[in-house]
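A.B. asks: Sequence first, predicted model second:
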Amino acid sequence: MATIFSKIINGEIPSHKIAENEEFFAFLDINPVSPGHTLVVPKMEIDYIFDIEDDVLGRMMVFAKQVAAAQRTAISCKRIGMTVIGLEVPHAHIHLIPMNKESDIYFGKEKGTPTQEELAEIAIKIRKEFK
Ligand code: AMP
């Protein structure tokens, strides 16, 4: 059965897309740990990120770097933090999180519940900066 992220990539489930290419897709996390929290996902369904072939993983990092550059320009923050968890959704993904302080990237706190309008507004800002 297709993962929820495959359904997002295929447009069966709506998302706030940031960018995509032939291999990867980036969209806003619906429950961000900080505003602008974005997920980078390979279109190929694979559960564990370190099972991804070296060359694909390398290209995924380069794509994540491009997304992070757009986030950093669009959102007021010191830098973009990166983490991999993968305990909830069995489809490899990188979390890219704008942060000013360490707690901005802490997953143990209560996550945000932005409205669709708020997410759409942030997505527009980041999308505009994606090169
Ligand atoms: P994890 O697998 O532990 O890395 O966490 C999965 C992440 O996916 C969580 O941060 C969720 O908020 C996020 N997530 C789950 N479903 C959706 C969705 N439909 N749209 C956007 N983000 C989602």
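C.D. replies: Yes, it's here. Residues are numbered from 1 along each chain as shown.

A.B. asks: Find the centremost residue of the protein, please.
C.D. replies: Nearest residue to the geometric centre of the chain (C-alpha atoms, centre = their mean): Leu39, 1.4 Å.

A.B. asks: Now that one: which helix or strand?
C.D. replies: Element membership of Leu39, judged by DSSP states H and E, is strand 38-42.

A.B. asks: which helices and strands does that strand pack with?
C.D. replies: If you count contacts as 3 or more C-beta pairs under 8 Å, 6 or more residues apart in numbering; DSSP states H and E, strand 38-42 packs onto helix 4-9, strand 24-28, helix 54-74, strand 94-99. Every C-beta, even on glycine, is put in place using the N, C-alpha and C of the backbone.

A.B. asks: ok, and does whichever helix or strand comes after the longest one reach over to the ligand?
C.D. replies: Moving toward the C-terminus from helix 54-74, the first helix or strand encountered (DSSP H and E) is strand 79-83. No. Figure legend: strand 79-83 not in contact with the ligand (C-beta under 6 Å from any ligand atom); closest approach 8.1 Å.

A.B. asks: what does the protein put close to the ligand?
C.D. replies: 4, 13, 15, 29-31, 39, 85-89.

A.B. asks: give me that answer again for 8 Å
C.D. replies: 4-5, 8, 13, 15-16, 27-33, 37, 39, 84-90, 93, 95, 107, 111 (C-beta under 8 Å from any ligand atom).
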